[in-house]
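# With the sequence up front, the predicted model follows.
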Amino acid sequence: MSCETHFIKGRLEFVRVYLDLCAIQRPLDTYSQTRVALEAEAVLGILTLCDTGRLELVSSEALGYEMEQNVWPVRKEHARAFLAKARIVATLDDAVEKRAKTFKKLGVKPLDALHLALAEAAKVDYFCTCDDRLLRKVKRIQGLKMKAVSPIELIQELET
């Protein structure tokens, strides 16, 4: 995968990325662990790449729903501002719900399954999360139409 864009069927396409809410919220976490600080910087770097047009951020109805459930105003506002940069908002339909059920059967939690199905429907190149359990499960899914990565892995992929 190229750093900035790639060609599909003779036309220029941006690299699309879907961050789940735990990744979006990472810069607001306590930096008591080196890993958290590195992931937070990686997420901010991803946001910069979106701002400069090197990445295309994808949001979804599920992200909007999950964001609105947050009781912490600062976290809610951060997520709202982050998601406002998305040019694409994936919406629920029968195909997405069916695909989410498939992910649930593979042991993925319901809301995470919905995020995966929406990201896949939006044809993202990368699904990014800080949730280790989810990342391990997703990486084992055969036939997934996107690559699951942590924020640090995403930056590494884009920089090579």
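Structure's in. What do you need?
# what helix or strand is residue 16 on?
Assigned by DSSP states H and E, residue 16 belongs to strand 11-19.
# residues in contact with residue 39?
23, 26, 130, 150, 151, 152 (Cβ atoms under 8 Å, 6 or more residues apart in numbering). For the C-beta atoms, the positions are set from N, CA and C on the backbone; glycine is no exception.
# same question, residue 63
20, 21, 24, 79, 83, 115.
# tell me, how many neighbours does the fifth one end up with?
By that I understand residue 83. Neighbourhood size, residue 83 [other Cβ atoms under 10 Å]: 19.
# what does the second one give?
Residue crowding around residue 21 was assessed by other Cβ under 10 Å; the count is 23.
# Am I right that it is in contact with residue 82?
No. Judged on Cβ atoms under 8 Å, residue 21 makes no contact with residue 82 at a distance of 9.5 Å.
# confidence score at the residue positioned nearest the centre of the chain?
In the chain, the residue lying closest to the centroid (Cα atoms, centre = their mean) is residue 19, at 1.9 Å. The per-residue pLDDT reported for residue 19 equals 98.
# got the contact list for it?
Counting by Cβ under 8 Å, 6+ apart, residue 19 touches 43, 46, 57, 82, 128, 129, 151.
# Is it bridged to anything, and to what?
residue 128 (DSSP bridges).
# where do the helices sit along this protein?
For the chain, the helices defined by DSSP state H occupy 21-25, 34-51, 61-68, 73-83, 94-105, 110-121, 132-139, 151-159.
# Dump the ones you listed to JSON lines, plus distance to residue 14.
Listed next are those as JSON lines, based on distance: least, Cβ to Cβ, whole Å:
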{"stretch": "helix 21-25", "distance to residue 14": "19"}
{"stretch": "helix 34-51", "distance to residue 14": "10"}
{"stretch": "helix 61-68", "distance to residue 14": "19"}
{"stretch": "helix 73-83", "distance to residue 14": "17"}
{"stretch": "helix 94-105", "distance to residue 14": "22"}
{"stretch": "helix 110-121", "distance to residue 14": "15"}
{"stretch": "helix 132-139", "distance to residue 14": "22"}
{"stretch": "helix 151-159", "distance to residue 14": "12"}
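# Buried ones in stretch 136-144, by neighbour count?
137, 138 (16 or more other Cβ atoms under 10 Å).
# First-to-last residue distance for it?
Taking Cα to Cα, to the nearest Å, stretch 136-144 runs 13 Å from one end to the other.
# Show me what it is in contact with.
103, 106, 107, 108, 116, 120, 127, 129, 148.
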